[in-house]
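1. Quick one: sequence plus predicted model below, questions after.
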Amino acid sequence: MGFPKHLTSAIIRLELPKNDGGLILTKNLYLSCDPYMRSRMSRSTEGSYVDSFTPGSPISGNGVSRVLDSSLPGFKKGDLIWGVINWEEYSLIKDTSSLIKIQHIDVPLSYYTGILGMPGVTAYVGFYEICSPKKGDTVFVSAASGAVGQLVGQFAKLYGCYVVGSAGSKEKVDLLKNKFGFDEAFNYKEEQDLNAALKRYFPNGIDIYFENVGGKMLDEVLRNMRHHGRIAACGMITQYNLDQPEGIQNLFLIVAKRIRMEGFLVFDYCHLYPKFLEMILPLIHEGKITYVEDIVEGLENAPAALIGLYSGKNVGKQVVAIAHE
Ligand code: NDP
């Protein structure tokens, strides 16, 4: 465990294998860096919902690719797809079960790693399905400028909620207030007393907490939740690099305040993807939802980009561009 300082990675050049049948050949365009990938760097699978990476094999994760050649029905040369791919420039793929054909190309293709991909559906499911929002609810989002958080805040604003976000730098706080339209935002690193900070923005308490970080923030949020509040337990990134999880002092307040805290995994909600696209595409085209990406160029810069997530280097959704078309 511990914070990953650098990934021991190597770029290996290989001859492109022949597609002898039953495979698709792809050129990979964009890679997604996601916090859950930390759990795949560990041999222990306890509490994890994904397999560990295999040393000596390519890292895999969500990405966007173009099909160059296919001997599988359902895929043809030129198709654009998103889903689980290897961190490599070209891939021969046999198991296409996670791949989704991209139908809408009037938006940046990198969006399929973020707003139109896994983080987008996470924000959608987490807010609309798990939080049971009501107009006028007070909503708090942690890691609010990230891939998921920036959308949750905008969904909540469109729904008529009062929304406050926390983030780890002035630049991110400015984004929350001036680009994503949060009512208020604060830099949690500058607050001596998180309880006092939450009381400042929520004098009457929090109805909905969209939980991305866990640890001390969750503890202080529990003290500030209203009775019958809802917590969507989406992620707890403060804990991902610790040997022992931090103790939560105020956990019993879930009972005393009758709070519904519900964990969810986006993978269980794939069936909502068409409904999600129907909702989000018009919002993007009408400019009612905006999305910030942090795109680094080149496969060789991918490991540093992934590690940067755990110290908050990314501003917005972290993407790696390996090729542009
Ligand atoms: P982000 O784009 O928000 O990137 C991670 C951010 O987390 C960093 O930029 C940083 O922001 C913050 N962070 C990193 N380390 C710490 C720390 N030690 N303490 C506090 N904040 C930290 O990531 P995503 O939007 O992709 O993911 C957000 C959360 O959602 C994660 O917990 C992730 O695991 C979870 N998730 C869950 C899913 C599900 O199915 N349940 C699916 C997808 C994501 P800052 O500078 O503001 O601190």
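-> Noted; the coordinates are in hand.
2. And S132, how far from the ligand?
-> From S132 across to the ligand, the span is 17 Å (Cβ to the nearest ligand atom, to the nearest Å). The C-beta positions use only the backbone N, C-alpha and C, and glycine is treated the same way.
3. what about that residue, helix or strand, and which?
-> Using DSSP states H and E, S132 falls within no helix or strand.
4. Apart from its chain neighbours, what residue comes closest to it?
-> Nearest residue to S132 in three dimensions, chain neighbours excluded: R230, at 5.7 Å (Cβ to Cβ, 6 or more residues apart in numbering).
5. The helix or strand where that neighbour lies packs against which elements?
-> Assigned by DSSP H and E, R230 falls within strand 225-233. Strand 225-233 sits against strand 206-211, strand 260-263, with contacts defined as 3 or more Cβ pairs under 8 Å, 6 or more residues apart in numbering; DSSP states H and E.
6. and that strand, which residues are buried?
-> Going by neighbour count (16 or more other Cβ atoms under 10 Å), the buried part of strand 225-233 is M225, R226, G229, R230, I231, A232, A233.
7. what angle separates that strand from strand 206-211?
-> On the basis of axes from the mean of the first three to the mean of the last three Cα atoms, to 10 degrees, strand 225-233 is oriented at 20 degrees to strand 206-211.
8. May I have strand 225-233 exported as PDB, CA atoms only?
-> Extracted C-alpha coordinates of strand 225-233, given in PDB (Å, rounded to 0.1, in the frame of the first residue of the first chain):
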ATOM      1  CA  MET A 225     -26.400  16.200   8.100                       C
ATOM      2  CA  ARG A 226     -30.100  16.900   8.600                       C
ATOM      3  CA  HIS A 227     -32.500  14.200   9.800                       C
ATOM      4  CA  HIS A 228     -33.500  11.900   7.000                       C
ATOM      5  CA  GLY A 229     -30.600  13.100   4.900                       C
ATOM      6  CA  ARG A 230     -29.100  11.000   2.100                       C
ATOM      7  CA  ILE A 231     -25.500  10.100   1.500                       C
ATOM      8  CA  ALA A 232     -24.500   8.600  -1.900                       C
ATOM      9  CA  ALA A 233     -21.300   6.700  -1.000                       C
END
